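[1] okay, here's the prediction I keep looking at, along with the sequence it came from:
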Amino acid sequence: MSTRTPPPVAFFPLAIVLAFLGIGGLFLVFNFALPTLGPRWLFFFFIVCALTGIALPATAFLNHRFPSKPPATQNVIVRQALWVGIFGTTLAWLQYGRVFNSSLAVILFAGFLSIEMLLRLWERSQFRKE
C-alpha cells in the first residue's frame, strides 16, 4: 500500500483517453446519430467519460496539494473524478426532463459531497499505519 498520494502526472494518460473518448463520442452522437434510445444512452455515457477525463487531473492535483490521512490512493482519485462525471450527467438528464433548476443542482452537489465525505471517513476508520 502506498504511503503517499500519487503525483498528478500519473493520471494524464487515463485523463487523455477518457476525455478524447468522451468528446469524440459526443461529436459522433451529435453529428451522425438519430435521437433514438440507443444514442441517448451513448450520449450520457460519453458525458460521463468526458467529464471524468477532464476532472481527473484537477482531482489528482487537489489531492496531491492538500494531502490527507490516510493518503488518497489511485482508486480514491478516480472515484472523485467519476463523481464529477456522474454529477454532470445527472444534471444533463434532469435538463432533458425539464426539471433542472439551480437549487436542485445545489442539493445534488451536497448529496454527492456528503457521500464522498462519508466514504473518506470510513476509509479513515479502516486506516492502519504499518
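    Structure's in. What do you need? Numbers count the residues shown, from 1 in each chain.

[2] do a quick rundown of the helices in the protein.
    12-32, 37-65, 74-96, 102-126 (DSSP state H).

[3] adding mean pLDDT, mean neighbour count and distance to residue 6, write the ones you listed out as TSV.
    Just so you know, the C-beta spots here come from the backbone N, C-alpha and C atoms, and that holds for glycine as well. Below are the helices of the chain laid out as TSV (pLDDT from 0 to 100; neighbours: other Cβ atoms under 10 Å; distance: least, Cβ to Cβ, whole Å):
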stretch	mean pLDDT	mean neighbour count	distance to residue 6
helix 12-32	96	15	11
helix 37-65	96	18	7
helix 74-96	96	17	6
helix 102-126	95	12	16
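
[4] nearest to residue 5, out of those helices?
    helix 37-65 (5.1 Å; Cβ to Cβ).

[5] roughly how far is that closest one from the heart of the chain?
    Relative to the chain's own centre, helix 37-65 is displaced by 5 Å; criterion: Cα atoms, centre = their mean, to the nearest Å.

[6] ok and it relative to helix 12-32, angle-wise?
    150 degrees (axes from the mean of the first three to the mean of the last three Cα atoms, to 10 degrees).

[7] packing partners of helix 37-65?
    On a contact count with 3 or more Cβ pairs under 8 Å, 6 or more residues apart in numbering; DSSP states H and E, helix 37-65 meets helix 12-32, helix 74-96.
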